[in-house]
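*Asks:* Return atomic coordinates for the entry below.
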Amino acid sequence: MIDEAVLDGIYEAALMPEAWPRALDAVAALGGAAGTILFVTDQSQISRWTASACFVSVMEAWVGGGWGARSQRVPRMIGLRHPGFVTEHDLYRDDELDADPSYTDFLRPRGMGWGAGAFVPLPSGGAAVFSVERRLEAGPMSRGEVARLDAIRPHLARSALMAARMGLERARTAMAILDRLSLPAALLHADGRVLLANAQLDEATAYVVARAHGRIGLPSSRAQALFQSAVAASRGSEAARSIPLAAREGHGPAILHLLPLRRSAQDLFAGGALLMVLTRLTNAPLPEISLLEGLFDLTPSEAKLAAALCAGSTIDGTAAELGLSRETLRTQLKRVFAKTGTGRQAELVNLLGGLKRPY
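*Replies:* Numbers count the residues shown, from 1 in each chain. This is a model prediction of the structure:
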């Protein structure tokens with residue numbers, strides 16, 4: 001007989017992600033374990049996770065140290081395709097277990113190394129993995145304990161899928177709102193692949209084109225390089241990135257913004273890690289300093305320099321006006337070039353000369 005309180009906690013977590021740690025504690029208790037970790041993975045990396053409170057620091061060290069890529073645990077579990085929980089002895093021979101560095105160098109030194117896991121394929125791609133972790137001194141999990149976990153596995157799967165579908169619906173609603181605001185937008189996976197896109201973006205082919213396997217194509221190699229760099233940098237930063245797109249084929253310049261989704265903005269199962277929004281630009285006499293800061297992530301001093309150059313000033317003239325050395329402004333200008341994707345003052349002035357409030 002399954003404890004109704006355990007099931008209530010599992011289904012509550014589908015609606016309230018903050019309830020997962022408490023639900024995972026209850027799952028661990030069924031297997032005589034210390035705690036449970038729930039994470040989403042494509043087998044190459046863990047994109048999102050939550051855990052019992054006692055395992056938060058362990059999981060931070062696991063993810064931060066890249067241990068998932070060194071372990072055969074998840075690939076073997078998914079490859080086995082068993083519709084229930086499996087233990088180490090289902091996945092490894094004894095000699096293989098002793099040769100896996102994730103056990104010998106990470107789990108065992110922390111007093112862990114036994115447990116059971118199950119996975120649930122997600123509609124957004126990848127899989128949700130429930131990993132029930134047991135202390136080394138407690139020994140391997142018995143078949144009776146695995147059977148108790150198997151009894152709640154259908155409920156864990158339903159809860160994960162409910163949460164995933166609700167997350168996708170929330171994402172679709174957000175895309176539709178941006179569509180009505182005439183803002184081309186897409187929700188991206190952590191590796192830059194498109195999860196959802198609105199109709200406005202589908203029509204913005206002068207700036208963004210779809211490539212195979214959900215990849216994004218931009219109109220220049222420089223813009224493409226900035227995009228890949230921004231996607232990679234977003235995994236360790238909460239800062240937004242902006243990528244300038246030059247005018248082409250009768251279309252004006254535009255800015256492509258990448259905003260990392262963090263905390264409550266990032267659903268555990270929906271799969272979105274980045275919000276991409278395209279803003280088109282039209283002619284105006286001079287760009288506002290606050291606009292430059294917002295569009296290109298410029299510091300106030302970098303924005304002042306960029307605006308001054310756009311107004312026709314020189315490096316020497318701006319240095320005198322701002323009371324700074326020529327060398328300081330040259331250093332700032334290099335940073336402005338890097339952030340705007342330009343390489344010369346003429347390119348910078350040409351780009352900034354087409355800015356006003358985006359629509």
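*Asks:* Next one: residue 62 relative to residue 37, how far apart?
*Replies:* Going from residue 62 to residue 37 by Cβ to Cβ, to the nearest Å gives 8 Å. Yep, even glycine has a C-beta here, placed from its N, CA and C like the rest.
*Asks:* what does residue 160 give?
*Replies:* Counting by Cβ to Cβ - residue 160 and residue 37 are separated by 14 Å.
*Asks:* Residue 254 bridge partners, please.
*Replies:* Beta-bridge partners for residue 254, by DSSP bridges, are residue 245, residue 280.
*Asks:* quick one, phi/psi of residue 96?
*Replies:* phi -70, psi -40 (degrees, to the nearest 10).
*Asks:* which residue packs closest to residue 241, ignoring adjacent ones?
*Replies:* Distances taken as Cβ to Cβ, 6 or more residues apart in numbering put residue 230 closest to residue 241, at 3.7 Å, once the chain neighbours are dropped.
*Asks:* Report whether the expected contact of the one you found with residue 244 is present.
*Replies:* No. Counting by Cβ atoms under 8 Å, residue 244 is not a contact partner of residue 230; they are 11.8 Å apart.
*Asks:* how about the strands in the chain?
*Replies:* Here the chain has its strands, by DSSP state E, at 35-41, 46-51, 86-87, 112-121, 127-135, 185-188, 194-197, 209-210, 216-217, 241-245, 254-260, 274-280.
*Asks:* With respect to residue 102, which of these lies nearest?
*Replies:* strand 112-121 (9.6 Å; Cβ to Cβ).
*Asks:* Looking at that closest one now, give me its mean pLDDT.
*Replies:* Taken as a whole, strand 112-121 has a mean pLDDT of 94.
*Asks:* same deal with stretch 24-40?
*Replies:* Stretch 24-40 shows a mean pLDDT of 95.
*Asks:* tell me how far the ends of that stretch are from each other?
*Replies:* Stretch 24-40 has an end-to-end distance of 15 Å (criterion: Cα to Cα, to the nearest Å).
*Asks:* Flag every buried residue along it.
*Replies:* 24-40 (16 or more other Cβ atoms under 10 Å).
*Asks:* can you check stretch 143-155 too?
*Replies:* Under the neighbour-count criterion of 16+ other Cβ under 10 Å, stretch 143-155 has 145-146, 148-150, 152-153, 155 buried.
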